[in-house]
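Visitor: Return a 3D structure for these sequence lines:
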Amino acid sequence: MSFANQQDVFYTQFIAGEFRRGCGTKSVEVLNPATGDSLGVLVYASDEDLDEAIDAAVAAFPKWRRTSPVERAALLRGIGTRLREHGREIARQITLELGKPTAEAVREVELAAELFEWSAEEGRRAYGRVIPARSPGLRQTAIPEPVGPVAAFGGWNAPLVTPSRKISSALAAGCTIVVKPSEETPGVALAIARAASDVGVPAGVVNLVFGDPAHVSDRLLEAPGIRMVSFTGATAIGKQIGAKAALTMKRTTLELGGHAPVIVMDDVNVPQLARSAVFAKFRNAGQVCTSPTRFYVHECIYEQFVTTFVETARNVKVGNGLDAGVQMGPLKNRRRRDAVELLIEDARVHGVNVACGGSRIDGPGFFYEPTVLTNFVDGCRAANEEPFGPLAMFRPIRDVDHAIAEANRLPFGLASYIFTRDISVAQKLTEEIDSGAVCLNEWVVALAETPFGGVKDSGLGREGGCEGLEEYLRIKSIRQGLVL
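Guide: Below you'll find the predicted structure:
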């Protein structure tokens, strides 16, 4: 059986080690956003399906937590290897279900494999510590233990990487997990389940369920056997998840929305940076939580930078991600395209200049032109709401203090970007911009070995790096005296 193109494998649930169709009463068609064609039907999970997934994770936890880190590491490395072996098939599935160009899809598979490989080794280094005692005959230790069964939620915009972040860290820490990926990209997420099954991860350690998002989340959050929640998605929904998790004292990690500022000072190579900024912005059609969006460019180079950016954006090749040479695919769905369109219409009402783009692209699929707004104003919606689409906006800045004020204006703090050759300017900006991640003269925010997460309305906790593993561990303090 092919790894990544069989509907009977992909459009199922994965519960207690079995791929099986959901028993719910509702179903949805999975659409190719480039063509609007149906890729197949996904039947939602029933309450019985969800309860079985929870029970499977709870039942598998005692044995999995006692499995040695070395054994767990071997299985995690096996998943990473399996993803690499079938990388082309999985990348094609990403493009079919999400629309991103093949080259971007291949990179997503590589990063997902790296997450499992990193976690495999990091799980072997979950060290405790010995604390010096106050008197002879006493021994004090702090021991890390897995939190317990985890409920995890991910969206469609990084359909392989987001579940991989959560599954790899949870399993490395000794936790079991129930994941609800997006119903719009189910085949991609289930590739992880296929890899886990193939390498022999015990039944119940990893479970994937699909269904009505609100109902599934409530069912998982209310389950007493679930001890942690990890969510990636919109800020408003993340706040609701966090509030519900608090009712049963579940630990939470929340990776939420952003509205990333880009600070460009006047000592950069303008043509080179402007051209690279275009491809950073329109990666995955801008449907990235860390997408560079609010460009604050020093007034001395503003016109030159914007001109180069606009000229490059106009030449971005938009089309079906499976076609050669395509640099930007469609938006994922009609809702997303409509939302971007409304933001641009609102900007026009506020007198903001649309320097390029600003229209749908005729034909099938959910395509929208790469769009640039210049001299945007704070009153327009796009300046305050995460666009999550192919929209970049520009405004000039006077100096460093002006840049900091603009960057910190919004309640988001997920990612930010700084470009300057001046060390003192770079230091001040990196220290004073309120963001979970700062990229200095660089566009790549998150790797397997680096911690990733937001501040303020952009979330709680971290994924990736050693910090990502620690989120799935609790600390037990042990104080041992002499036998009386």
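
Visitor: chain center to stretch 42-61, what's the gap?
Guide: Here stretch 42-61 is found 24 Å from its chain centre; the criterion is CA atoms, centre = their mean, to the nearest Å.

Visitor: contacting residues around stretch 316-333?
Guide: Residues from elsewhere that reach stretch 316-333 (CB atoms under 8 Å, 6 or more residues apart in numbering): 31, 33-35, 92, 95-96, 98-102, 104-105, 156-157, 184, 278-279, 282, 284-285, 287, 337, 340, 361, 365-370, 389-390. All C-beta atoms are positioned from the backbone trio N, CA, C, and that covers glycine.

Visitor: Any idea how far apart the tips of it sit?
Guide: Distance across stretch 316-333, first residue to last, is 20 Å (CA to CA, to the nearest Å).

Visitor: Then stretch 320-340?
Guide: End residues of stretch 320-340 are separated by 19 Å (CA to CA).

Visitor: so residue 376 sits right up against residue 384, yeah?
Guide: No - counting by CB atoms under 8 Å, residue 376 stays clear of residue 384, with 10.4 Å between them.

Visitor: Comparing those two, which shows the higher neighbour count?
Guide: Shown here are residue 376 and residue 384; by other CB atoms under 10 Å, residue 376 has more neighbours (21 against 14).

Visitor: List the beta-bridge partners for the closest residue in space to the more buried one that isn't next to it in sequence.
Guide: Nearest residue to residue 376, sequence neighbours excluded (CB to CB, 6 or more residues apart in numbering): residue 393, at 4.3 Å. Taking DSSP bridges, one finds residue 294, residue 373 as the beta-bridge partners of residue 393.

Visitor: Backbone dihedrals for residue 356, both of them.
Guide: phi -160, psi 160 (degrees, to the nearest 10).

Visitor: Check residue 282 too.
Guide: Torsion angles, degrees, to the nearest 10, at residue 282: phi -100, psi 10.

Visitor: Could you do residue 176 as well?
Guide: phi -100, psi 170.

Visitor: Need the pLDDT of the spatially closest residue to it that is not a sequence neighbour.
Guide: Excluding its sequence neighbours, the residue lying closest to residue 176 (CB to CB, 6+ apart) is residue 57, at 4.1 Å. Among the per-residue scores, residue 57 holds a pLDDT of 98.

Visitor: Remind me what the helix or strand containing residue 57 packs against, helices and strands.
Guide: Element membership of residue 57, judged by DSSP states H and E, is helix 47-66. On a contact count with 3 or more CB pairs under 8 Å, 6 or more residues apart in numbering; DSSP states H and E, helix 47-66 meets strand 13-15, strand 139-146, strand 177-180, strand 206-208, helix 213-222.

Visitor: need those in JSON lines with distance to residue 113 and mean pLDDT, can you?
Guide: Shown next, in JSON lines, are the helices and strands packed on helix 47-66 (distance: least, CB to CB, whole Å; pLDDT from 0 to 100):
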{"stretch": "strand 13-15", "distance to residue 113": "19", "mean pLDDT": "98"}
{"stretch": "strand 139-146", "distance to residue 113": "23", "mean pLDDT": "97"}
{"stretch": "strand 177-180", "distance to residue 113": "17", "mean pLDDT": "98"}
{"stretch": "strand 206-208", "distance to residue 113": "16", "mean pLDDT": "98"}
{"stretch": "helix 213-222", "distance to residue 113": "27", "mean pLDDT": "97"}
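
Visitor: mind checking which of these is nearest residue 472?
Guide: The closest of the helices and strands packed on helix 47-66 to residue 472 is strand 139-146. By CB to CB, the value is 6.4 Å.

Visitor: Which elements pack onto the helix or strand that that closest one is followed by?
Guide: Later in the chain than strand 139-146, the nearest helix or strand by DSSP H and E is strand 150-153. Helices and strands touching strand 150-153, by 3+ CB pairs under 8 Å, 6+ apart, are helix 161-173, strand 177-180, helix 213-222, strand 228-232.

Visitor: which one of those lies closest to residue 27?
Guide: So among the helices and strands packed on strand 150-153, helix 213-222 is nearest, using CB to CB, at 14.5 Å.

Visitor: How far off centre is the closest one?
Guide: 20 Å.

Visitor: what angle do that helix and strand 228-232 make?
Guide: 150 degrees (axes from the mean of the first three to the mean of the last three CA atoms, to 10 degrees).

Visitor: In helix 213-222, which residues are buried?
Guide: 216-217, 219-221 (16 or more other CB atoms under 10 Å).

Visitor: Show me the strands in the stretch 201-350 of the chain, by range?
Guide: Secondary structure of the stretch 201-350 of the chain by DSSP state E, counting those that start in this stretch: the strands cover 206-208, 228-232, 251-255, 260-264, 292-298.

Visitor: Mean neighbour count and distance to residue 417 added to those strands, as TSV?
Guide: Output for the strands of the stretch 201-350 of the chain, formatted as TSV (neighbours: other CB atoms under 10 Å; distance: least, CB to CB, whole Å):
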stretch	mean neighbour count	distance to residue 417
strand 206-208	27	34
strand 228-232	25	21
strand 251-255	23	18
strand 260-264	26	4
strand 292-298	24	5
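
Visitor: could I get these as JSON lines with distance to residue 412?
Guide: Formatted as JSON lines, those follow (distance: least, CB to CB, whole Å):
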{"stretch": "strand 206-208", "distance to residue 412": "30"}
{"stretch": "strand 228-232", "distance to residue 412": "15"}
{"stretch": "strand 251-255", "distance to residue 412": "12"}
{"stretch": "strand 260-264", "distance to residue 412": "8"}
{"stretch": "strand 292-298", "distance to residue 412": "10"}
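
Visitor: what about the nearest residue to residue 413 once chain neighbours are set aside, distance to residue 259?
Guide: With sequence-adjacent residues excluded and distances taken as CB to CB, 6+ apart, residue 413 is closest to residue 455, at 3.9 Å. Note on residue 455: its distance to residue 259, by CB to CB, to the nearest Å, is 13 Å.

Visitor: again with residue 35
Guide: Counting by CB to CB - residue 35 and residue 259 are separated by 31 Å.

Visitor: Tell me which of those two has more neighbours.
Guide: residue 259 (25 against 17).

Visitor: Just the pLDDT for the more buried one.
Guide: For residue 259, pLDDT reads 98.

Visitor: Run through the residues that contact it.
Guide: 293-294, 384-387, 410, 412.

Visitor: Try it again at 7 Å.
Guide: 293-294, 386, 410, 412 (CB atoms under 7 Å, 6 or more residues apart in numbering).

Visitor: Can you tell me which of these comes closest to residue 69?
Guide: Using CB to CB, the contacts of residue 259 come closest to residue 69 at residue 412, 36.4 Å.

Visitor: A helix includes that closest one, no?
Guide: No - going by DSSP: H, G, I helix; E, B strand; the rest coil, the assignment for residue 412 is coil, not a helix.

Visitor: That one touches residue 260, doesn't it?
Guide: No - proximity of residue 412 to residue 260 does not meet the contact threshold set by CB atoms under 7 Å, at 8.1 Å.

Visitor: Common neighbours of these two, please.
Guide: Shared contacts of residue 412 and residue 260, defined by CB under 7 Å, 6+ apart, are absent.

Visitor: which other residues reach stretch 413-420?
Guide: 258, 260-265, 267-268, 273, 289-290, 292, 407, 426, 429-430, 433-441, 443, 445, 454-456, 458.

Visitor: One more: stretch 356-371?
Guide: Taking CB under 7 Å, 6+ apart as the rule, stretch 356-371 contacts 33-36, 282, 310, 313-314, 316, 318, 328, 330-334, 336-337, 340, 344, 354, 372, 389-391.
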